[in-house]
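Student: Sequence unavailable; structure follows:
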């Protein structure tokens with residue numbers, strides 16, 4: 001994001017209201033004790049890692065497997081809007097920089113991280129590498145599940161925190177005919193921000209591969225219209241890509257207050273192109 005846009009403390013607060021909503025967590029910490037306390041079991045059948053741009057999220061998925069929190073991993077994602085950013089992040093990474101990324105799907109890259117670098121048993125990892133967005137992630141993942149004749153009853157979803165809520169709504173929509181499956185959401189971190197000089201920085205700023213400020217603004221502001229259940233949204237009353245999502249009034253108010261800033265950003269960006 002250009003320095004021509006300055007965030008006030010109130011605007012930062014509004015962003016944090018929205019990201020707290022988007023970064024869905026059904027469990028505060030991802031460990032066996034919390035699973036048992038919240039759901040009555042210590043190990044989920046499956047963790048689905050959705051393609052995204054941050055190696056950190058793949059590391060958290062691998063940790064969940066190695067700590068006995070899940071029995072198996074499924075990595076989902078072909079080539080989509082995050083692929084370029086994942087490839088760039090891998091090329092520059094101090095540990096994963098030798099991984100070949102050219103023309104490869106997100107799932108194939110992330111599988112190499114969790115198996116070859118993080119030691120997850122390859123027999124417990126399967127992939128879907130054709131899907132290109134949240135809806136097709138869920139749809140194609142279900143096809144792979146059926147092809148492998150898997151019958152998971154408890155599934156942990158792990159995605160880019162900004163897209164965690166929409167991912168859940170997509171899986172609810174595409175898997176609604178599958179009975180007896182529990183989806184457990186775990187956003188690996190909550191992307192809160194703080195004021196920094198004439199822009200902002202992330203409160204959790206030690207994670208490698210965090211979004212640029214420009215991409216962060218675009219992603220956050222783009223999610224709310226998609227989640228709306230109206231003619232333009234992705235819900236049942238719109239494009240019918242996801243199940244209905246209840247958006248709290250405080251989230252809509254924060255979005256509406258930030259919208260003039262987003263329009264200003266778009267205008268500046270277009271002028272600079």
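Tutor: Yep, it's here. This structure is a prediction, so every number in the text was calculated from the model and none was measured.
Student: since we're on residue 9, how many residues are nearby?
Tutor: Look at residue 9: counted by other C-beta atoms under 10 Å, it has 9 neighbours. (Each C-beta comes from the backbone N, C-alpha and C, glycine too.)
Student: Give me the nearest residue to the residue nearest the centre of the chain, chain neighbours excluded.
Tutor: The residue lying closest to the centre of the chain (C-alpha atoms, centre = their mean) is residue 160, at 2.2 Å. Leaving aside its chain neighbours, residue 160 sits nearest to residue 52 (3.9 Å; criterion: C-beta to C-beta, 6 or more residues apart in numbering).
Student: follow-up on the earlier one: show the model's pLDDT score for the residue nearest to the centre of the chain.
Tutor: Note on residue 160: pLDDT of 97.
Student: Equivalent analysis for residue 123, please.
Tutor: Looking at residue 123, the pLDDT reads 96.
Student: show me where the stretch 51-200 of the chain has helices.
Tutor: Assigned by DSSP state H, counting those that start in this stretch, the helices in the stretch 51-200 of the chain fall at 55-66, 83-91, 106-112, 134-147, 164-174.
Student: related to what we said a few turns ago, so how far is residue 204 from the residue nearest to residue 160?
Tutor: Per C-beta to C-beta, to the nearest Å, residue 52 is found 16 Å from residue 204.
Student: And these two? Which one has more around it.
Tutor: Each of residue 52 and residue 204 has its neighbours counted (other C-beta under 10 Å); residue 52 has more, 28 against 15.
Student: check contacts around the more buried one.
Tutor: Residue 52 makes contact with 77, 82, 86, 106, 159-160, 163, according to C-beta atoms under 8 Å, 6 or more residues apart in numbering.
Student: Can you give me every residue that contacts the closest residue to residue 89 other than its chain neighbours?
Tutor: Counting by C-beta to C-beta, 6+ apart, residue 89 lies nearest to residue 209, which is 3.9 Å off, once chain neighbours are set aside. Contact analysis of residue 209 by C-beta under 8 Å, 6+ apart lists 53-56, 85-86, 89, 93.
Student: Quick one: these as JSON lines, columns for distance to residue 180 too.
Tutor: Listed next are the contacts of residue 209 as JSON lines, based on distance: C-beta to C-beta, whole Å:
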{"residue": "53", "distance to residue 180": "33"}
{"residue": "54", "distance to residue 180": "32"}
{"residue": "55", "distance to residue 180": "33"}
{"residue": "56", "distance to residue 180": "32"}
{"residue": "85", "distance to residue 180": "36"}
{"residue": "86", "distance to residue 180": "33"}
{"residue": "89", "distance to residue 180": "37"}
{"residue": "93", "distance to residue 180": "39"}
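Student: So the residue nearest to the centre of the chain sits against residue 53, correct?
Tutor: Yes - here residue 160 lies in contact with residue 53, judged by C-beta atoms under 8 Å, at a distance of 7.0 Å.
Student: what do the two both touch?
Tutor: With C-beta under 8 Å, 6+ apart, residue 160 and residue 53 have common neighbours residue 82.
Student: Tally up the residues packed near residue 143, please.
Tutor: The tally of other residues near residue 143 (other C-beta under 10 Å) stands at 13.
Student: The helix or strand hosting residue 47 - contacts with which helices or strands?
Tutor: Assigned by DSSP states H and E, residue 47 belongs to strand 44-50. Helices and strands touching strand 44-50, by 3 or more C-beta pairs under 8 Å, 6 or more residues apart in numbering; DSSP states H and E, are helix 55-66, strand 70-76, helix 134-147, strand 154-158.
Student: a markdown table please, covering the ones you listed and showing distance to residue 249.
Tutor: Formatted as a markdown table, these follow (distance: least, C-beta to C-beta, whole Å):
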| stretch | distance to residue 249 |
| --- | --- |
| helix 55-66 | 30 |
| strand 70-76 | 33 |
| helix 134-147 | 25 |
| strand 154-158 | 26 |
